[in-house]
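The sequence isn't on hand, but the structure is:
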């Protein structure tokens with residue numbers, strides 16, 4: 001008995017000296033490699049696979065959808081051998097933007113990785129969170145399945161263009177200091193087919209287009225940052241536009257960047273001073289009181305892009321999973337009254353400062 005108690009005491013003392021893990025840094029010069037980088041990067045703190053898109057029903061009713069899988073490495077001691085140790089968390093958000101509803105239909109889930117219930121595999125995109133799945137097959141197409149009491153998404157996303165590597169070879173700066181960065185690539189102009197539905201209605205067949213972002217980092221935001229505004233737009237001529245700004249706690253721009261790939265495949269990248277977001281209309285949430293600039297003019301160099309939301313209320317409350325409230329909405333992009341494309345606008349940090 002004394003020996004057993006002594007061993008238990010040693011175990012308690014050992015794990016009482018728990019040490020946090022060392023998160024992998026994002027460094028310039030690292031080359032993205034596919035299909036390996038389609039998969040998870042568990043040595044980094046935060047990672048997400050983020051799909052947004054516009055689809056239409058057979059009667060040409062427009063809908064927006066969003067599916068995000070997050071992987072988060074915790075600060076739990078990596079030496080703990082327990083299968084119950086929460087080394088990695090998998091979190092899911094899904095939303096449907098339907099003007100007939102007037103707000104988002106959305107749901108969220110979270111679980112620690114393991115026991116066959118949740119995972120983020122490393123060799124290719126293979127994500128599971130209970131009965132929510134996102135899997136990339138050998139053809140490069142993605143199968144997305146979301147089933148909940150709030151909405152249903154059963155979609156196939158088929159690539160039509162090469163991967164769009166963001167930043168400098170996938171090294172995407174998020175601030176003046178080099179460590180505030182992520183590894184980042186996009187897959188624009190995904191061809192969408194499948195079925196969608198929300199509570200109280202039967203699923204309907206849809207077709208459309210989507211944008212996929214995959215990003216991983218350990219220290220993306222600088223301490224004085226409060227959040228970001230981001231757009232990913234599938235242009236009607238086959239081009240693709242990504243732009244973001246990181247906002248300070250005072251509301252100013254800390255950093256910005258944009259990438260434009262035209263219909264011929266030529267890529268133009270814009271420096272922070274060439275990118276700006278200017279609000280043209282605001283909406284106040286009746287639930288959180290946050291005021292969001294739901295319509296904006298975005299400048300990338302000499303080009304101007306006007307954003308108009310599919311509906312004003314596209315606020316997503318994820319405090320049960322990531323702790324954040326953010327506006328995630330379908331927008332139409334135009335210039336001088338002519339539609340140029342459709343995409344998504346994401347705005348974080350308007351309720352409280354964003355923490356990754």
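Great, that's in hand. Nothing here was measured: the structure is a model prediction, and the numbers come from that model.

Which parts of the stretch 1-150 of the chain are strands?
Using DSSP state E, counting those that start in this stretch, the strands of the stretch 1-150 of the chain run over 46-56, 62-73, 88-97, 104-112, 118-120, 126-129, 132-136, 142-147.

Which of those sits closest to residue 213?
strand 46-56 (4.4 Å; C-beta to C-beta). No exception for glycine: its C-beta is placed from N, CA and C like everyone else's.

what angle do that closest one and strand 62-73 make?
Strand 46-56 and strand 62-73 meet at an angle of 170 degrees, taking axes from the mean of the first three to the mean of the last three C-alpha atoms, to 10 degrees as the criterion.

Strand 46-56 pairs with which strands, and in what direction?
Taking DSSP bridges as the criterion, strand 46-56 sits next to strand 62-73 (antiparallel), strand 204-217 (antiparallel) in its sheet.

Out of the ones you listed, which one sits most buried?
Compared across the strands paired with strand 46-56, strand 62-73 shows the largest average neighbour count, a mean of 23 (mean count of other C-beta atoms under 10 Å).

name the helices or strands packed onto the lengthiest strand in the chain?
Criterion DSSP state E: the longest strand present in the chain is strand 181-198. Applying 3 or more C-beta pairs under 8 Å, 6 or more residues apart in numbering; DSSP states H and E, one finds that strand 181-198 contacts strand 46-56, strand 151-158, strand 164-165, strand 171-173, strand 204-217, strand 225-235, strand 240-248.

Remind me what the last one packs against, helices and strands.
When you say that, I think you mean strand 240-248. strand 181-198, strand 225-235, strand 253-261, strand 275-284, strand 291-300.

Tell me which strands the shortest one pairs with, and in which orientation.
To tie it back to what came earlier, the one meant is strand 253-261. Paired neighbours of strand 253-261 in the sheet (DSSP bridges): strand 240-248 (antiparallel), strand 267-270 (antiparallel).

before we move on, what about the longest one?
In the sheet containing strand 181-198, the strands it pairs with under DSSP bridges are strand 151-158 (antiparallel), strand 164-165 (antiparallel), strand 171-173 (antiparallel), strand 204-217 (antiparallel).

per-residue pLDDT, residue 2?
Predicted confidence (pLDDT) for residue 2: 42.

If residue 325 is in a bridge, with which residues?
Applying DSSP bridges, one finds that residue 325 bridges with residue 317.

What of residue 68?
residue 50, residue 93.

same question, residue 183
Where residue 183 sits in a bridge, its partners, by DSSP bridges, are residue 171, residue 216.

Next one: it from residue 226, what distance?
Distance, residue 183 to residue 226, by C-beta to C-beta, to the nearest Å: 23 Å.

Between the two, which has more neighbouring residues?
For residue 183 versus residue 226, neighbours defined as other C-beta atoms under 10 Å are more numerous around residue 183 (24 against 18).

correct me, but that one touches residue 213?
No. Assessed by C-beta atoms under 8 Å, residue 183 is found out of contact with residue 213, at 11.4 Å.

show me the contacts for the most centrally placed residue in the chain.
With distances taken as C-alpha atoms, centre = their mean, residue 50 lies nearest the centre of the chain, 3.7 Å away. Residue 50 makes contact with 66-68, 212-215, according to C-beta atoms under 8 Å, 6 or more residues apart in numbering.
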